[in-house]
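K.L.:
next input, structure requested:
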Amino acid sequence: MKKTVLLLLVSILFVSCWPTTDSTNFPRQEYQPVIITRSVLETSIVFQNTQPIVKSGKIYVKGDLMFINDVNKGFHVYDYANPSKPERLYFIKAPGATDLAIKGNIVYINQAVDLVTATFDPATRIFKITNRNKNVFPQKQAPNGTFGYTKDNEIIIDWNLKK
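P.N.:
All right, here's what the predicted structure looks like:
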């Protein structure tokens, strides 16, 4: 009798752990890759007028300048001489960019699959790309962890939620 009750309890325990197929499970979100060609990526970093921040990422402060990443879009640059009132200077458009680092006058940008090196003179605020190390990073994954398929000359710079 005790074995029967124990077997029944163990059976109920296993059944309660069985995955269900009811409609309360959330559907998996599907994403569409935003793809550009290698030649477009390599000429895509440009200075532009200030823009509103869409999706802020990491913040980097170097001297009197503050850089705020707009994920996969580029970097907003602020005059940070007065930290209580930063002043917008310009936007560095860099499609696929998610991070930067600065050492001295050298700026390193993670742009999609490439590591871009540039020089930056804080006094004149002249920004010049000096090197591009291609395919240093893997292609971007979708927010749900899936991968996109691209041709040899194509780079994923972002992902959009399918409608």
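K.L.:
rest of the way, CA atoms for contacts and neighbours
P.N.:
OK.
K.L.:
mind saving the C-alpha coords of stretch 69-82 as CSV?
P.N.:
Below are the C-alpha coordinates for stretch 69-82, written out as CSV (Å, rounded to 0.1, in the frame of the first residue of the first chain):
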residue,chain,number,x,y,z
ASN,A,69,26.3,55.6,-27.5
ASP,A,70,23.0,55.4,-29.3
VAL,A,71,22.9,51.6,-29.7
ASN,A,72,23.7,50.5,-33.3
LYS,A,73,23.4,54.1,-34.5
GLY,A,74,26.5,56.0,-33.3
PHE,A,75,27.6,58.4,-30.6
HIS,A,76,26.2,61.7,-29.2
VAL,A,77,29.0,64.0,-28.2
TYR,A,78,28.6,66.6,-25.5
ASP,A,79,30.7,69.4,-24.1
TYR,A,80,31.1,68.3,-20.5
ALA,A,81,33.1,71.2,-19.2
ASN,A,82,30.1,72.0,-16.9
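K.L.:
could you pull out the helices in this structure for me?
P.N.:
2-17, 38-42 (DSSP state H).
K.L.:
which stretch in these has the least confidence?
P.N.:
Comparing mean pLDDT over these, the weakest stretch is helix 2-17, at a mean of 59.
K.L.:
F120 reaches V107, doesn't it?
P.N.:
Yes. F120 is within contact range of V107, at 6.8 Å (criterion: CA atoms under 8 Å).
K.L.:
show me where this structure has its strands.
P.N.:
In the chain, strands defined by DSSP state E lie at 31-37, 46-48, 56-62, 65-70, 74-79, 87-93, 97-103, 106-111, 114-121, 126-133, 154-161, listed in chain order.
K.L.:
looking at the ones you listed, which is nearest to N144?
P.N.:
Closest approach to N144 among these is made by strand 31-37 (7.9 Å; CA to CA).
K.L.:
still on that earlier bit, any chance of the strands of the chain in TSV, with distance to N144 and mean pLDDT too?
P.N.:
Shown next, in TSV, are the strands of the chain (distance: least, CA to CA, whole Å; pLDDT from 0 to 100):
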stretch	distance to N144	mean pLDDT
strand 31-37	8	96
strand 46-48	30	90
strand 56-62	18	94
strand 65-70	20	95
strand 74-79	22	95
strand 87-93	26	94
strand 97-103	17	94
strand 106-111	21	96
strand 114-121	22	92
strand 126-133	28	92
strand 154-161	10	96
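K.L.:
show me what contacts I156?
P.N.:
Contact partners of I156, counting by CA atoms under 8 Å, 6 or more residues apart in numbering, are P33, V34, I35, I36, G96, A112, Q139, K140, G148, T150.
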